[in-house]
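Engineer: Sequence and computational prediction follow.
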Amino acid sequence: MQPPAPLVLRFSRDGWVPNNPRLPAVVFPGALAGAGAADVARLYRENRWGGTWRFTVFDRHHYHSNAHEALACVAGAAVIRLGGPGGADLRLAAGDLAVLPAGTGHCRMQAEDGFSVVGAYPAGQEDCDLLWATEANWPGAEARIAAVALPEADPLRGRSGPLMALWGDAAGAG
């Protein structure tokens, strides 16, 4: 059975959340069904995504201005608001993968059953910032977001993965 098509979400600025004017957030529902944290970490490494961590998603609107981020749900489920306070609520459950371009706001609204994700960043972007959605963090954020390079590979399927086409097309259109 073919996995569901990726969900592509675009966000414009929302208050002090810059989001990404060129690249969409992409969610791959069920793409990692049955995968544990070690499996996800290995997949990330194979596809040149690093800085791997396991935790939850903060319950406060935040973003990364100098890195893209992959979030693979490995336990439980949660409602994550993407795009800032006026953004879209997305239910992430075990097996789902969300890839957020630099600048994309995200916030855990509710969680259940021990919600946990394994996160990672493209090679060269592992030392990323963590910015709360506040006026104080705004100066320079848009310029840093615009300067973030595309990843070398899709965190799920490598150089030929669907993220490469989706983001390559979006970056070329910008």
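Structural biologist: Arrived safely, thanks for sending.

Engineer: report the longest helix in this structure, please.
Structural biologist: helix 162-173 (DSSP state H).

Engineer: State the mean pLDDT of stretch 50-59.
Structural biologist: Average pLDDT, stretch 50-59: 98.

Engineer: Can you check the distance spanned by it, start to finish?
Structural biologist: 23 Å (Cα to Cα, to the nearest Å).

Engineer: Check what contacts that stretch and list those residues.
Structural biologist: For stretch 50-59, the surrounding residues in contact (Cβ atoms under 8 Å, 6 or more residues apart in numbering) are 37, 41, 44-45, 71, 74, 78, 80, 106-109, 111, 115-121, 123, 125-128. (Glycine included, C-beta is placed from N, CA and C.)

Engineer: Residues in a beta bridge with the most centrally placed residue in the chain, which ones?
Structural biologist: Nearest residue to the geometric centre of the chain (Cα atoms, centre = their mean): residue 100, 2.6 Å. Beta bridges link residue 100 to residue 69 when assigned by DSSP bridges.

Engineer: these two touch, right, it and residue 117?
Structural biologist: No: contact between residue 100 and residue 117 fails when scored by Cβ atoms under 8 Å: they sit 11.4 Å apart.

Engineer: Common neighbours of those two, please.
Structural biologist: residue 71.

Engineer: Touching the longest helix of the chain from outside, list them.
Structural biologist: Counting by Cβ under 8 Å, 6+ apart, 6, 8, 22-24, 26, 28, 99, 101, 150-151, 153-157 sit against helix 162-173.

Engineer: Buried ones in the strand ranked longest in the chain, by neighbour count?
Structural biologist: The longest strand of the chain (DSSP state E) is strand 106-122. Buried residues in strand 106-122, counted by 16 or more other Cβ atoms under 10 Å: 106-108, 111, 115-122.
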